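Q: Quick one, structure for this:
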Amino acid sequence: MPFIRKKVTSYKWPVKVESPSAELPGTFDIQEFTAVFKQLGRAAISKLVEVGDKELLEAVLVGWEEIEDEKGEALSFTKANKIELIDDTHVSKAVIKSLLESLEGASVKN
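A: Predicted coordinates:
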């Protein structure tokens with residue numbers, strides 16, 4: 001099959017967040033959501049990695065699905081909600097891991 005270069009501006013990728021369990025000491029709860037990442041070139045990603053995790057996440061995370069608030073209602077993607085979400089160290093670590101998997105996953109699997 002030939003390679004078809006598409007000018008995709010974003011893509012969805014699963015994120016697994018491991019947070020310390022409030023009920024079982026020494027264990028983690030695993031929750032999942034779908035991140036929408038902005039498609040960036042190699043140079044842009046490299047610059048953002050050098051600047052820091054917060055800046056990287058602010059630039060590449062452009063949406064999400066399957067995130068709810070404590071009342072069980074869908075958490076809308078807003079600037080304020082995004083800032084609050086990426087301030088959580090467990091979430092930011094999981095999103096960065098997912099982003100790296102999306103960028104390197106194909107070469108790792110081969």
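
Q: Could you use CA atoms for every contact and neighbour count after this?
A: Noted.

Q: quick one: secondary structure of Pro25?
A: coil (DSSP: H, G, I helix; E, B strand; the rest coil).

Q: should've said Phe3
A: The three-state label given to Phe3 by three-state DSSP is coil.

Q: Which pLDDT does the model give it?
A: Looking at Phe3, its pLDDT stands at 79.

Q: Also Thr9?
A: 87.

Q: Touching, it and Gln39? I think so.
A: Yes: using CA atoms under 8 Å, Thr9 makes contact with Gln39 at a distance of 5.1 Å.

Q: So if I had to pick from those two, which one is more boxed in?
A: More crowded of Thr9 and Gln39, by other CA atoms under 10 Å: Gln39, with 18 against 9.

Q: got the contact list for the more buried one?
A: Val8, Thr9, Ser10, Tyr11, Val60 (CA atoms under 8 Å, 6 or more residues apart in numbering).

Q: Can I get these in a markdown table including secondary structure?
A: Below are the contacts of Gln39 laid out as a markdown table (three-state DSSP):
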| residue | secondary structure |
| --- | --- |
| Val8 | coil |
| Thr9 | coil |
| Ser10 | strand |
| Tyr11 | strand |
| Val60 | helix |
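
Q: Now the buried members of the residues you listed.
A: Among the contacts of Gln39, those classed as buried by 16 or more other CA atoms under 10 Å are Val60.

Q: Just give me the closest of the contacts of Gln39 to Thr34.
A: Nearest to Thr34 among the contacts of Gln39 is Tyr11, at 10.0 Å by CA to CA.

Q: Could you give the bridge partners of that closest one?
A: Note on Tyr11: beta-bridge partners by DSSP bridges are Phe37.

Q: ok, longest helix in the protein?
A: Assignment by DSSP state H gives helix 89-109 as the longest helix of the chain.

Q: list the helices and strands that one packs on?
A: Applying 3 or more CA pairs under 8 Å, 6 or more residues apart in numbering; DSSP states H and E, one finds that helix 89-109 contacts strand 10-20, helix 53-60, helix 79-87.
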